[in-house]
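Sequence and predicted structure below; questions after.
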Amino acid sequence: MLSDLSHISPVWSRITHLMVERGEGCHVYTTDGEQYLDFTSGIGVTNTGHSHPAVVKAIQEQAAKMLHAQVNIYLHPPLIRLSHALNEITPSNLDTFFFSNSGAEAIEGAVKLARHYTGRTNIIVFQGGFHGRTAQTMAMTTAKTVYRVDYQPLPGGIFVSPFPYAYRYRMTDEQVSEFALRELDMILHTQSAPQETAAMVIEPVLGEGGYVPAPPQFMQGLRRVCDEHGILLIVDEVQTGFGRTGKMFAHEHAGIKADVMVMAKGLGSGFPISGIASSREIMSKWQTGTHGGTYGGNVMGCAAAEATIKVIKEEGLVENAATRGRQLMDGLAEIQSRFPALGDVRGLGLMVGCEFTNPQTGQPDDALTKKVAAHTQQDGHLLLLTCGMYGNVIRWIPPLVATEAQINEGLEKFEKAMAAALS
Ligand SMILES: Cc1ncc(COP(=O)(O)O)c(C=O)c1O
């Protein structure tokens, strides 16, 4: 019966056909008893590792008390405690929180907040961004056509500016930041006037679009443009948040303040919960009753998130992400010196991308990328995801509990897979 998928919608794409029954730390186990090293983290969710005992305990204890304490009807202790726990770890200006269930839902909420606060309509996003799969967030997503194809027309008022992607444009960080800021200025002069632009929405590290960190000078320039025109800067930290990049939140690397931050994935260790963080001043302009949802701020999600934040702090996972990230980048740079097809290695903390380029033609090599990922899975029992606008990036996004030995194991398996794919 378990091999009969005829009642499952085919719309889900799959990267494996593994039937898993259990996960622990960096490993998952199939129903056949096979072990895999999971460096996908369920697409950047299980930052605390699979089924961290402290998170599981919090969920079990909460489930025994109450499964659903609806936020329009009741207040509950995990909601209040989570708001305080977040207030301690978010940048000081982001002190007021709203909760929902998925990243896309929170992005949509942030857009609604920006429109109410500014009284303006338009949103500027950046080429290659991924913000979700609902109509509004599809319109904001340009990571690949597959996320939008045959779903037009999509909501209007969205304008796309170049992302500072140094490798793609063959520029230095300095040059690409200047270029992208110049193009942004042109959008404000030709497509979306400042007085009708509510917000700019950016991933501080492009996720689905190819694991590309925005240079700090670009983020600083973006902040200046937003300040100059009274436009809100919204950072989409859905994939980059909660220690992933070696700081609690990725935009902190640039030393800037965001007006609104969107969180999801790593917040709940796998329990669906997302959130919007902003200042009291901005949140106070969000008219009561104009946004909400049945499950947002639900007691189970809040309990999972509260326990997750405690684990991240107590186990020093942000620091571990920075240390293990350096180890991973150093190891990949060495491998790169032996394989010219590995065109670029880049990243922040444990969010690292390997971009494959044909050394003869200079073109993106998605076929090789797929082959390498297939070999890591089949020969090495190592699970890695791909990403990138051309599908030619392997992304490293291991749980933040990964050990030195596990990172070395991943590197060894990756190098063997590269050799096998090129043989
Ligand atoms: C940066 C970013 N924003 C938004 C989303 C959408 O989140 P969700 O799939 O929870 O709706 C994702 C999901 O991958 C993401 O990576």
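Perfect, I can see it now.

got the residues of the protein near the ligand?
Contact residues, the chain versus the ligand (C-beta under 6 Å from any ligand atom): 43, 102-104, 107, 130-132, 203, 207-208, 236, 238-239, 264. Using the backbone N, CA and C atoms, a C-beta is placed for each residue, glycine as well.

Where does pLDDT dip in the stretch 301-423 of the chain?
Along the stretch 301-423 of the chain, no part satisfies pLDDT under 70.

which ones are touching the residue of it found nearest the ligand?
Here the residue of the stretch 301-423 of the chain nearest the ligand is residue 387; by C-beta to the nearest ligand atom that distance is 9.3 Å. Residue 387 makes contacts with 143, 207, 208, 209, 210, 211, 353, 393, 395, as judged by C-beta atoms under 8 Å, 6 or more residues apart in numbering.

cool, residue 208 as well?
130, 143, 144, 147, 387.

Domain ranges for the protein, per the record?
What automatic domain parsing lists as the domains of the chain is 20-52+316-422, 53-314.

The ones you listed: which one's closest to residue 13?
domain 53-314 (8.3 Å; C-beta to C-beta).

And the closest one, end to end?
Start-to-end span of domain 53-314 (C-alpha to C-alpha, to the nearest Å) is 13 Å.

Pull the distance from it to the chain's centre.
Distance of domain 53-314 from its chain centroid, counting by C-alpha atoms, centre = their mean, to the nearest Å, is 9 Å.

Likewise for stretch 315-334?
Worked out by C-alpha atoms, centre = their mean, stretch 315-334 lies 18 Å from the chain centre.

Put the alpha carbons of that stretch into PDB.
Extracted C-alpha coordinates of stretch 315-334, given in PDB (Å, rounded to 0.1, in the frame of the first residue of the first chain):
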ATOM      1  CA  GLU A 315      23.500  25.200  22.600                       C
ATOM      2  CA  GLY A 316      25.300  28.100  21.000                       C
ATOM      3  CA  LEU A 317      23.900  27.200  17.500                       C
ATOM      4  CA  VAL A 318      24.600  30.700  16.000                       C
ATOM      5  CA  GLU A 319      28.300  30.400  16.900                       C
ATOM      6  CA  ASN A 320      28.300  26.800  15.700                       C
ATOM      7  CA  ALA A 321      26.900  27.900  12.300                       C
ATOM      8  CA  ALA A 322      29.700  30.500  12.000                       C
ATOM      9  CA  THR A 323      32.400  28.000  12.900                       C
ATOM     10  CA  ARG A 324      31.100  25.100  10.900                       C
ATOM     11  CA  GLY A 325      30.300  27.500   8.000                       C
ATOM     12  CA  ARG A 326      34.000  28.500   7.800                       C
ATOM     13  CA  GLN A 327      35.000  24.900   7.900                       C
ATOM     14  CA  LEU A 328      32.600  24.100   5.000                       C
ATOM     15  CA  MET A 329      33.700  27.100   2.900                       C
ATOM     16  CA  ASP A 330      37.400  26.200   3.400                       C
ATOM     17  CA  GLY A 331      36.700  22.600   2.400                       C
ATOM     18  CA  LEU A 332      34.700  23.600  -0.600                       C
ATOM     19  CA  ALA A 333      37.300  26.100  -1.800                       C
ATOM     20  CA  GLU A 334      39.900  23.200  -1.700                       C
END
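
what does it contact?
By C-beta under 8 Å, 6+ apart, stretch 315-334 touches 47-48, 243-248, 311-312, 342, 345, 347-352, 354, 396, 398, 400-404, 407-408, 410-411, 414.
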